[in-house]
Each structure stands twice: as structure tokens, then as C-alpha cells.
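S.K.: Show me the folded form of this:
(chains A and B)
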Protein chains: 2
Amino acid sequence: MSKRPLILISNDDGVQAQGIRELTAMMCRLGDVIVVAPDGPRSAASCSISPLSTIIVELLEEQEGLKIYQCNGTPTDCVKLALDGLLTKKPNLVVSGINHGDNASVSIHYSGTVGAVLEACMKLVPAIAFSLKTKSQQCDFRPYEEVIMQTASYVLEHGLPQDVLLNVNFPEVEELRGSKVCRIGRGRWMKEMKQVGEGAYQLTGYFQNLEPEAEDTDYWALDHGFAAITPVQLDMTAYNELGELKVKMLKG
Amino acid sequence: MSKRPLILISNDDGVQAQGIRELTAMMCRLGDVIVVAPDGPRSAASCSISPLSTIIVELLEEQEGLKIYQCNGTPTDCVKLALDGLLTKKPNLVVSGINHGDNASVSIHYSGTVGAVLEACMKLVPAIAFSLKTKSQQCDFRPYEEVIMQTASYVLEHGLPQDVLLNVNFPEVEELRGSKVCRIGRGRWMKEMKQVGEGAYQLTGYFQNLEPEAEDTDYWALDHGFAAITPVQLDMTAYNELGELKVKMLKG
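M.R.: Okay, the predicted model is just below:
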């Protein structure tokens, strides 16, 4: 390997998805690239892993500065496999996506795209998730290339604080109005179960933004034509509640 | 239905696991109970959901104040199905577990037990995950009954702050030394991929506590014989980083 930075790429739409192909082409301009991605769609895989399965990995493509593997696991399995099985040195950056569908607001919890970079973050590797708010499998990713390259270059140069990753979401537009650094907006999915037979259901539903007027959220940025860049932390402790719970729950 | 509180129970070890059976028996003393749990083990399912599958649900058992369903989905699917398909009123409490295996430190991210209650929390229902640090499928849960009953009663009476759930972990002991309200400790899983053939791997590994001396963490409590009660928030925004990122990334 050269002295160029090493960049690991994964996703949850599978190795053949357009989003990861285009992200790979972009990252090859910044460093040596290894792709380890699922062999098919794993949407909404969250941080799930496969402790009960044998994970099978296959090298699909190899050329100067680029290797592409697929495996039968989840996005998080892919990152574990790369860091602990396939790579001989720690990557300088892990990126995930570009997901076909946004991962803003609470969708971050269901997202395999984010699951992959949470895993990298746990292993102390700087990591960025990229997602596009679209329902299409064929998209024009050119409007997002500048922000993707800038964000990846920034993180390669400066790193990220310990236990923090970046979650970047794009609206589907011909031209971005700019980028916003923002918090995760409050929202929820509604009417999610459609009965399709006796005792048979399918997931469906729509997203409800619980604070549509708040201009500092990821969803507001998406709704107004901006890229949403959100720093996300591993630590989910509700620190504000520790003191009161100690008093109330452990009294006496 | 009576005027007793309605309690929804799920887990990730499957509806037949000892942990959910014992938790169900305890919760039946506090209210009417509906169990909606996976039809088999879904360990490490995180918040994954099944958008590409048909979810099949089956009523296994019905008696006064208790209904038990199984389904072929994930823990999060189970909670969505209950809240949006099976229940005619919102439950007063959702509990998950008792998981066979702890969900402290970073394991919270992989946990289906926690995934189930995160879903409840998103839907504004107070929720508690219970897990036991054990490798056994047959355990003596009696040492934990008092804390489980107290915690569930507390939440039924007082509720929880919006977008916050409780994650409760127990050490495997004959007698608890007490309970600690604590933060999530820093840690990580190491050496997670065992090669079992050419291009074939299995998940394995061991947990490394990155701050074993810190007495305010969930892992410290477990290691010292205490129940660990951790308030967990939905919002993963790294608020401390917003200001600096705005300055550094969006400058010029």
C-alpha cells in the first residue's frame, strides 16, 4: 500500500447500489480505498450483527488502490470484518453510503448506514455517514460531490473528537443552498403497520416532524435545500436525568 | 380491559426464553399484560426492522389480563406491531427482557432488548430494558425481582422525561449489593472475527472496559455487585461539538 490515506467504505443498500459506487469513485481521489459492503440490501439494519451466522466474504474487484469485497452480513458486520479480519492497518477514515433515503431525525436509530459508522467510531476510527433523501435507486449525485469531498477531506486532515461521528444528509435538489451544522430533530414514524391478511402485516407509514419550525435541526435543513451535517455521539446517557433519578429512585 | 395499567412486554431472546416468562409473571402483578415477542432468538438485532418482509403474528395464549403473541419480526417490529396493530389503547409502560446477557456500555447499540424500548420511547411510552450479565439460558432471577418491581412501579407512577428510557443491567449474584444510577461506560469489543475457513468468519471477541476505575459507570456497578440503572436518551446529537464544527467546517 502507498502512503495515501486508507479509506474504508460500507453501506446498507448493498455493494451494487449506485450510491456506494459513486462514493467509491469520489474517495479514490483522496486515498486508497477498500469497500466491504453487504451482498444485497440491508436497509434498516441499524447496528445489528450476526452472532449466529457464518459470515462469508468474497473479493469482487481488485485494482491499484482499490479492493471491493462483499459479504453476507450486516453493515456493522462489514466494518467489524474489515477492521478485524481483512485490513492489516487501521483505516484513516470510514465512510458509509451514499444511502438511498435520508437518515435524519429518529431514522438514525434504524439506519444501517449509520450503524456502520457507529461501529467505526467505537473502534476509534473517524467516520462519516452520507445519505440522500430520495425514494429512487437511480439518482444524480453530482450536486452533493463538493460537500462530500470537503467533509471527507476535513475529517482526514483534522480527525473528529473521540466517540463522535458525522451524519450527513442531503435533500434531492439540483443545487444545494449550502450546508448547515445541525442537531438531530425530534420526529417519529406514524401509521407504520398495514394489515395485509389475517395476522399478516407490512411496514409502511410516514414521518412526522415534531418541530418543523426549529431552524437548527437536520430535518429543517433538508426541507429547505441545505446539506445537514450532524455530529453524533456514541454516549446515549441522559446526563440531565442522573441527579434527579438518584434522588427519586434510590431514596431511603 | 380493566382499569389496571396496561404493560407491553417484548425481548430479543424470543417468546420462549426464561427471562421474558419471568418478567411477564412479575408484570402481571402490576397490571394487564400483553406480550409481543419474536418467535425465536434475535440477539444483537439492535433497532433493526423488516421493511422487506411480511410480518406474521400469532396469538399463543390468552387468559384474564394476559395475552401472549409471537411474530417473525425483530424486537422493534414487535413494538411497532403492538402499538400500531394489536393494541387498541396506548400502554402505560413497555418493558423488555429480561435479557440473557448484559446490555451495558457500547453493547447498548447492538441490543435488541434496548431496541424494543427505544421504539417505545420514540412513541412517547415510558419504557425500561432489563438485562442480566450471564451466559446461561437458565438463571435464577429471584435476586433481581425487587429492583424490577420497584423500577416498574416507579415508572408507572411517575413516568419518565420525554425521550428518555431506563436501561437496567444486573450482575449474576445471589444477592445484589444495591442499585446505582449510572452513566454508560466507555468500552469496546475486541478481536471479534474468528476465521473459520477461506473467506469464512464468525463473530466472537471479548469486552474491554476502557475506564475500569470510573465508579459512576454501568460496567463498574455490574463488576461490583450492583444493579446498574442508566437513563438513556434518544437524542444522539453531540451538542458539545456543534459550535466548533460550525466555525471550522463552514468557514469562508
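S.K.: Tell me how far the closest residue to A:K89 other than its chain neighbours lies from chain B.
M.R.: Of all residues not flanking A:K89 in the chain, A:L6 sits nearest, at 6.5 Å (C-beta to C-beta, 6 or more residues apart in numbering or on different chains). In short, each C-beta sits where N, CA and C put it, glycine included. The span separating A:L6 from chain B equals 18 Å under the rule C-beta to the nearest C-beta, to the nearest Å.
S.K.: list the contacts for A:L6?
M.R.: Neighbouring residues of A:L6 by C-beta atoms under 8 Å, 6 or more residues apart in numbering or on different chains: A:G31, A:D32, A:V33, A:I34, A:L87, A:K89, A:K90, A:P91, A:N92, A:L93.
S.K.: so which pair among those is furthest apart in space?
M.R.: With distance counted by C-beta to C-beta, no two of these lie farther apart than A:V33 and A:K90, which are 14.8 Å apart.
S.K.: which of those two has more neighbours?
M.R.: Taking other C-beta atoms under 10 Å in any protein chain shown, A:V33 and A:K90 do not tie; A:V33 has more neighbours (25 against 12).
S.K.: Would you double-check that A:G115 falls in a helix?
M.R.: Yes - the assignment for A:G115 is a helix, going by DSSP: H, G, I helix; E, B strand; the rest coil.
S.K.: Contact partners for it?
M.R.: A:G115 makes contact with A:D12, A:A45, A:S46, A:C47, A:S48, A:T74, A:P75, A:T76, B:S46, B:H109, according to C-beta under 8 Å, 6+ apart.
S.K.: what does A:D77 give?
M.R.: When contacts are counted by C-beta under 8 Å, 6+ apart, A:D77 touches A:I49, A:S50, A:I55, A:C71, B:L203.
S.K.: how many neighbours does A:I7 have?
M.R.: Here the count is done by other C-beta under 10 Å, and A:I7 has 25 residues near it.
S.K.: Okay, and the beta partners of it?
M.R.: In this structure, A:I7 bridges to A:V33, A:L93 when assessed by DSSP bridges.
S.K.: list the contacts for it?
M.R.: Residues counted as contacts of A:I7 (C-beta under 8 Å, 6+ apart) are A:M27, A:L30, A:G31, A:D32, A:V33, A:I34, A:P91, A:N92, A:L93, A:V94, A:V95, A:A152.
S.K.: Which pLDDT does the model give the residue nearest to A:K89?
M.R.: The confidence metric pLDDT takes the value 98 at A:L6.
S.K.: try the one 4 residues further on
M.R.: At A:S10 the predicted local confidence, pLDDT, stands at 98.
S.K.: Touching, A:Q70 and A:E61? I think so.
M.R.: No - between A:Q70 and A:E61 there is no contact under C-beta atoms under 8 Å: 9.7 Å.
S.K.: quick one: which of the two has more around it?
M.R.: A side-by-side neighbour count of A:Q70 and A:E61, using other C-beta under 10 Å, places A:Q70 first with 21 against 12.
S.K.: The more buried one bridge partners, please.
M.R.: A:Q70 has these beta-bridge partners by DSSP bridges: A:A37, A:E58.
S.K.: Could you single out the nearest of the contacts of A:D77 to B:V114?
M.R.: A:I49 (13.8 Å).
S.K.: all strands for the stretch 101-250 of chain A, in order.
M.R.: Listed in chain order, the strands of the stretch 101-250 of chain A (DSSP state E, counting those that start in this stretch) span residues A:127-133, A:164-171, A:178-181, A:187-190, A:193-197, A:200-203, A:206-209, A:226-233.
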